[in-house]
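# quick check, what structure comes out for this input:
(chains A and B)
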Amino acid sequence: MNLLIIAHLTFREAARRRILLAALLLGLVFLTVYGLGFHFIMRDIEASIGSTNLITLNEIRNFLLMAGMYVVNFLTAMMTVLTSVDTLSGEIASGTIQTVVAKPIRRWEVLAGKWLGFGIMITLYLLLMGGGVMGLVFLRSGYVAPHPWRALELLWLNALILLSVSLLGGTRLSTLANGVLVFGLFGIAFIGGWIEQIGSFMNNTAASQTALNIGVITSLMLPSEALWKRAAHELQSPLVAALGFSPFASSIYPSLMMILYALLYLGAALLFAIHLFNRRDL
Amino acid sequence: MPPPPAIETLHLRKTFGDKTAVNDLTLAVEPGEVFGFLGPNGAGKTTSVKMLLGLIAPSGGEGFLFGAPLGDPDVRSRVGFLPEHFRFHDWLRADEFLALHADLYHMSRQHARQRSAELLDLVGLTPHARKKLREYSKGMLQRIGLAQALLNQPDLVILDEPTSGLDPVGRRLVRDIIRELRQSGTTVFLNSHLLSEVEITCDRVAFIKHGEVIRVSPLHTLVEGELTVEIRARGLTPEIIQGLARWGQNVRADDEHLSLTLASEADLPAINRYLVEQGAKVYALRPQHVSLEDLFIQIVGTDGGL
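Predicted coordinates for the structure are as follows:
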């Protein structure tokens, strides 16, 4: 009950502060630009290679879809962190939280309520953006990527992990320090993922092994890039998967163990955030 | 079996690193009391209040609200709280803000609406009920904060500096509300710098300094125990003035003005009779109780506890 009150409050705050409106409008602009771009690119390509060369056309459609989903993943991550980074630290610093926590409510309900409120918001955003990109590609060309729902689930897990880490930092850090922490981790995971990908293109040398290890270590620190790579693997066409070369995915992709690790990471981050918030003087 | 105290603390202690904010807080506030919690800045008053509400975990000692240990969320359904720094979700309208807090008290929608309307009226904000809190002045925010503290018709109201942002009209309103709470049997724990208000409203007061309770006493025994009488009279001779020493101390004379400290108000008629019999012409005889402010300085000291 209390959890739902806080979730509703969080969601309502986002709506009242026009965060939802801004996200919706900019999302629609993004989808419009993407849809137009996709349409005109495909029109030119179809004109040059003909509309019957389905294998090539599908590879191009898949490439453009992956490009769109890459941006969706990035925007969802930004949206998650930017909206949630201040929610605990800001209310603690201002004292707003005092009258709430002084009510017959448990602290875990406050934190879990905020998590749920932001979680619903991010889910809707991801469905709008990811579903929009896939929907536009389908409407224009009838193309459906191999495993769209699996990919969306992985991007969703990624966003929820970032949300949990953001709330975890907010229990102890100022808003600014928390932002630096979460974006810092995101950046480390991002660059680690690229180093891993470059390593996978090299022959099996000591240097490539080191690059792969860096990727694994940074994925353990924050599995966001690993989840994207797995999502990209789920989306990529069988041909690209067989060739093992794409700017968005590599031949080496995170295993199911990494997804399991990401789920555990999510649970641990949330539980640790609750633990720290319970012990925090307000 | 008597009901447990509304508030009971036993050697409650809070440290922040090397700094001790509350050293040894031991006190009991009985149900229905209006209890003043006095002390200079930095004495540990707000930290104590936060420990009572479970906002801060004590470093030592223990405390209870209505017999339940501090931090028990269920007992907070019987408590209302107005924080010192009243910062609320300022994107909400006043009526939405009260509805939110009514939800947190698990009040029914109908009861919440009725109670919110009553309280908005009580604190004079009915015409501003649909304004967002960010449009409110400091005084209006304090009023709406007071309304949320009373939403659940609490058995205990903890008010941390409830009049700091209010004008004289608002202060009178708070005093009236505290009187009504007392009449309804509600316990009020009042943390205030404004001693004149404490003097008017409280049954008992505790003085705190360096995080320790240094005196707890019924207010009437503190301020009614001693009084100063100001006398305006002509024909006061040194002998007459010397003769007044039998009733009081600190006799001070300045032309036709004279003051002395008495142990009891009952001595006033005898002093008046003495002065007249000795040939002095008495124009005024004004008894004045020692103010709480004077007592505060006597008890806490002029260093302000720093």
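
# what stretches of the stretch 201-306 of chain B score poorly on pLDDT?
In the predicted model, the stretch 201-306 of chain B carries pLDDT under 70 at residues B:223-226, B:250, B:302-306.

# can you pull the pLDDT of residue A:245?
For residue A:245, the model assigns a pLDDT of 65.

# C-terminal to the longest helix belonging to chain A, what's the next element?
In chain A, with assignment by DSSP state H, the single longest helix is helix A:107-141. Downstream of helix A:107-141, the first helix or strand assigned by DSSP states H and E is helix A:148-170.

# the inter-axis angle of the helix or strand following that following helix versus helix A:148-170?
Using DSSP H and E, the helix or strand that follows helix A:148-170 towards the C-terminus is helix A:175-201. With axes from the mean of the first three to the mean of the last three Cα atoms, to 10 degrees applied, the angle from helix A:175-201 to helix A:148-170 works out at 140 degrees.

# average pLDDT for whichever helix or strand comes after helix A:175-201?
For helix A:175-201, the following helix or strand on the C-terminal side (DSSP H and E) is helix A:206-221. When pLDDT is averaged along helix A:206-221, the result is 85.

# tell me what the helix or strand just after helix A:206-221 is packed against?
Counting by DSSP H and E, the next helix or strand C-terminal to helix A:206-221 is helix A:224-235. Here helix A:224-235 touches helix A:54-84, helix A:148-170, helix A:175-201, helix A:206-221, helix A:256-279, going by 3 or more Cβ pairs under 8 Å, 6 or more residues apart in numbering or on different chains; DSSP states H and E. (Glycine included, C-beta is placed from N, CA and C.)

# which one of those lies nearest to residue A:1?
Residue A:1 lies closest to helix A:256-279 among those, at 17.6 Å (Cβ to Cβ).

# touching chain B at all, the closest one?
Yes: interface with chain B: helix A:256-279 contributes residue A:279 (Cβ under 8 Å from any Cβ of the partner chain).

# elements contacting that helix?
helix A:107-141, helix A:148-170, helix A:224-235.

# hmm, back to that, centre of the chain to the longest helix of chain A, how far?
When distances are taken as Cα atoms, centre = their mean, to the nearest Å, helix A:107-141 is centred 10 Å away from the chain's centroid.

# direction-wise, compare that helix with helix A:256-279 and give the angle.
Using the same axes, to 10 degrees: helix A:107-141 against helix A:256-279 is 140 degrees.

# for the stretch 101-250 of chain B, which segments count as helices?
B:109-122, B:138-150, B:168-183, B:195-201, B:219-223, B:238-243 (DSSP state H, counting those that start in this stretch).

# chain center to the third one: distance?
Spelled out, that is helix B:168-183. On Cα atoms, centre = their mean, the centre of helix B:168-183 falls 11 Å from that of its chain.

# and the angle for it with helix B:109-122?
Helix B:168-183 and helix B:109-122 are oriented at 130 degrees to each other (the same axes, to 10 degrees).

# buried residues, helix B:168-183. List them.
Under the neighbour-count criterion of 16 or more other Cβ atoms under 10 Å in any protein chain shown, helix B:168-183 has B:170-171, B:173-175, B:177-178, B:181-182 buried.

# mean pLDDT per helix and strand in chain A: which one sits at the bottom?
Across the helices and strands of chain A, mean confidence by mean pLDDT, DSSP states H and E is lowest for helix A:238-243: a mean of 72.

# leaving out chain neighbours, which residue sits closest to residue 9?
Assuming you mean chain A. residue B:100 (6.4 Å; Cβ to Cβ, 6 or more residues apart in numbering or on different chains).

# sorry, should have said chain B
The shortest distance from residue B:9 to any non-neighbouring residue, by Cβ to Cβ, 6+ apart, is to residue B:63 (4.0 Å).

# contact partners for that neighbour?
B:7-10, B:12, B:25, B:51-52, B:69-70 (Cβ atoms under 8 Å, 6 or more residues apart in numbering or on different chains).
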